[in-house]
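Visitor: Prediction below, plus the sequence it came from.
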Amino acid sequence: MAVFNKETKSNRLLQSKRYTIAETTPAEAYTRVIDLNASEIYIQEAAITSSGLPYSGSGQNNLTLNSGSSNQTISKFYFRFPLTPSATKVDSNTRYNTYFFISGSGYTPGISTNANPQVVQPFQQTNFISNKYANPSLATATTEDGINEGGTGYNVVVSTHGSDAPNSATKVDGDKYEFDYKTGVLQFTSNTLSDLPTISTHVYITVYQYLGQTLDSFVSALSGSSGGGGTPGGATTQVQFNDGGAFGGSERLIFNKTTGLTQLSGSFEITGSVNNIFLIKSGSINLLRMSSSGALVFGDLDHTPPPVAGGMYYSSGEFYVGTE
């Protein structure tokens, strides 16, 4: 049978290969491990709940947790989600040791189908939350621990049952499996055949998944898309500051990358010691500035600009008003 090997697994992860079975080194699907991509970098880490997790039971399956400031969804709770086994079996094709978290429209998860371990499956879910985000007091707490157990943590719970009955499933000892929180791959590590699920055994997992912004979605929201796509400012807003948090509340300051337009809504306050509250330059020439004392200062032009009705400029100690 294929034996779980930690040394082999670590070597494959260093090669950006996803470890699934021990005996077929060349036949591993490539995955993102060290070469992290923008879609895998959490930028709302501070919004991940570190203690007081409210969900741990069957009645809370598929519920989400939102950020308090922006009310954006940060995480989702799955209670005993049915895992899909690998197409590669062990022990004369009677048992499995690898399972995948696959969920999507039109896909039925569980043992009714199986997944090819050599390719990343459509609808394969990733970016689950590990206990590194929990308060240190919850180091051993699991996703099914409630108030009576001292608090819920992010350590996954794996359970099995001979039929499709998640609420009656029996928990598996945590030292008999490893779950990759980044890729959503569950692997049983025991060398004892009786510890591995048979082909008729239903395997479930209870876990929290990160649904907050990743680096790629944040950059996309800032730059916009070709058709607007509902992103803040569509394709024209380069930088936008709102009250009530980023992308929430009323627009206050906007820099438009297409037209160069700057919009300011509300008051603008400068604190601290500054030479100029604002300064408009053309190359090395100061055209117009407001000093820290509040004085509006015109640049000393060494040429006569074209007359503009209502325009004013300063040159050689004299002020001039433009007329047409």
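Guide: Thanks, I have the structure now. Numbers count the residues shown, from 1 in each chain.
Visitor: I figured N37 hits D216, correct?
Guide: Yes - taking contacts as Cβ atoms under 8 Å, N37 lies within contact range of D216: 7.5 Å. Backbone N, C-alpha and C define where each C-beta goes, glycine included.
Visitor: quick one, which of those two is more surrounded?
Guide: D216 (14 against 10; other Cβ atoms under 10 Å).
Visitor: Where does the prediction get shaky in the stretch 1-150 of the chain?
Guide: For the stretch 1-150 of the chain, applying pLDDT under 70 flags the ranges 1-4, 15-35, 69-70, 147-148.
Visitor: The same query, at a cut-off of 90, please.
Guide: Within the stretch 1-150 of the chain, the stretches with pLDDT under 90 are 1-41, 46, 67-72, 88-93, 105-106, 116-122, 139, 146-150.
Visitor: where do the strands sit along the stretch 1-150 of the chain?
Guide: Shown for the stretch 1-150 of the chain, the strands assigned by DSSP state E, counting those that start in this stretch span residues 64-66, 73-82, 84-85, 98-100.
Visitor: so who does the closest residue to Y96 other than its chain neighbours touch?
Guide: Distance criterion Cβ to Cβ, 6 or more residues apart in numbering; nearest residue to Y96, sequence neighbours excluded, is P85 at 4.2 Å. By Cβ atoms under 8 Å, 6 or more residues apart in numbering, the contact list for P85 reads 96, 98-100, 111, 114-115, 197, 199, 203.
Visitor: Go again with 10 Å.
Guide: Going by Cβ atoms under 10 Å, 6 or more residues apart in numbering, P85 touches 95-100, 110-111, 113-115, 117, 186, 197, 199, 201-203.
Visitor: If any of those are buried, put those into a PyMOL selection.
Guide: Only the buried entries of these go into this PyMOL selection, using 16 or more other Cβ atoms under 10 Å:
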select buried, resi 95+96+97+98+99+100+110+111+114+115+117+186+197+201+202+203
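Visitor: what residues are up against Y314?
Guide: With Cβ under 10 Å, 6+ apart, Y314 has these contacts: 288, 297-301, 320.
Visitor: do the same with L53
Guide: Taking Cβ under 10 Å, 6+ apart, we find L53 in contact with 65, 75, 77, 129, 134-135, 138, 141, 143, 145-146, 151-154, 208.
Visitor: Alright, I will stop here.
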